[in-house]
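S.K.: Structure for the following, please:
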Amino acid sequence: MGIFSRLFTVGKAETNAAIDKLEDPIKMTEQGIRDLKKDLDKSLQALAEVKAMAIRSKRQLNESKSSAQTYEQKAMMLLQKAEKGELDANEADRLATEALSRKEDATSDANRAQEEVNRFDNNIAQLDNNVKKLKSTINRYENELKTLKARSRVSSASAKINKQLSGIDSSSTVGMLEKMKEKVDQQEAMAEAYGDIASESRSIDDEIDSVLGEKSVSASSSLEALKEKMKKK
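M.R.: Numbers count the residues shown, from 1 in each chain. This next block holds a predicted model:
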């Protein structure tokens with residue numbers, strides 16, 4: 001393999017190792033949860049803003065409805081004054097017409113406000129649904145992360161144990177025991193050989209003393225035997 005091929009292989013291996021580190025499932029899950037929480041914060045902020053606009057629209061709706069009713073009542077009161085002779089009929093008609101025109105403007109404002117309220121209510125419902133989904137998703141991911149971390153600790157511990165066990169070469173261990181047994185056998189044989197050599201190197205006196213000792217001949221009995229022999233002469 002050429003030098004460039006070897007460098008390419010090493011570089012590829014380092015790149016794969018870097019990718020493996022980047023693809024740590026725990027870190028990826030934690031980052032995913034952080035991103036979801038950011039999305040949740042944005043959704044909550046948007047929900048609060050839409051609710052605030054809905055509140056203003058409802059307030060405008062109520063004010064416009066109240067204003068329309070007020071202008072209608074004023075127009076009726078003007079006409080009643082004209083009927084009682086308290087106000088010129090033409091003037092009453094003119095003022096009542098203006099009041100009714102204001103009523104129509106207020107009614108138009110109320111209708112627009114009602115449309116805005118309806119639109120905001122729909123937006124609120126959608127945003128609220130999204131917020132609930134995000135909260136549920138975050139809660140599910142956090143629970144899965146706890147399980148993933150627990151599984152990671154167990155698998156890491158198992159990997160360490162398996163690595164230690166895999167490092168134990170049973171064949172080499174048996175070989176070492178056999179060599180030790182052979183060495184002990186050799187040492188025992190050598191001891192026995194030296195014993196045999198020691199026995200062969202004993203003098204004749206050592207052999208006599210050994211035999212006499214085994215026969216249990218006492219010094220007193222040997223002396224008596226010698227005296228008897230002397231008498232016979």
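S.K.: per-residue confidence averaged over stretch 101-117?
M.R.: What stretch 101-117 shows for mean pLDDT is 95.
S.K.: Go ahead and report the secondary structure state at Asn62.
M.R.: helix (DSSP: H, G, I helix; E, B strand; the rest coil).
S.K.: Equivalent analysis for Gly85, please.
M.R.: Applying three-state DSSP: Gly85 is coil.
S.K.: In the chain, where is pLDDT below threshold?
M.R.: Scanning the chain with the threshold set as pLDDT under 70 gives 1-23, 165-174, 195-223, 232-233.
S.K.: Walk me through the domains of it.
M.R.: Using automatic domain parsing, the domain parsing of the chain gives 3-168, 173-201, 205-233.
S.K.: So which of the ones you listed is the most surrounded?
M.R.: domain 3-168 (a mean of 13; mean count of other Cβ atoms under 10 Å). To be clear about C-beta, it is placed using only N, CA and C from the backbone, and glycine gets the same treatment.
S.K.: how distant is that one from the center of its chain?
M.R.: Relative to the centre of its chain, domain 3-168 is centred 30 Å away, using Cα atoms, centre = their mean, to the nearest Å.
S.K.: In which helix or strand does the residue most central in space within the chain reside?
M.R.: Nearest to the mean C-alpha position of the chain, counting by Cα atoms, centre = their mean, stands Lys149 at 2.9 Å. Lys149 is located in helix 89-166, with elements delineated by DSSP states H and E.
S.K.: Which elements pack onto that helix?
M.R.: Applying 3 or more Cβ pairs under 8 Å, 6 or more residues apart in numbering; DSSP states H and E, we find helix 89-166 packed against helix 25-83.
S.K.: what angle separates the helix it packs on from helix 89-166?
M.R.: With axes from the mean of the first three to the mean of the last three Cα atoms, to 10 degrees applied, the angle from helix 25-83 to helix 89-166 works out at 170 degrees.
S.K.: packing partners for helix 25-83?
M.R.: Using 3+ Cβ pairs under 8 Å, 6+ apart: helix 25-83 touches helix 89-166.
S.K.: Run through the residues that contact the nearest residue to Ala99 once chain neighbours are set aside.
M.R.: Take Ala99 and drop its neighbours on the chain: the residue closest to it by Cβ to Cβ, 6 or more residues apart in numbering is Ala75, 4.0 Å away. With contact taken as Cβ atoms under 8 Å, 6 or more residues apart in numbering, Ala75 is in contact with Leu95, Ala96, Thr97, Ala99, Leu100, Lys103.
S.K.: check contacts around the third one.
M.R.: By Cβ under 8 Å, 6+ apart, the contact set of Thr97 is Ala75.
S.K.: next one: the second one
M.R.: Residues near Ala96 by Cβ under 8 Å, 6+ apart: Lys74, Ala75, Met76, Leu78, Leu79.
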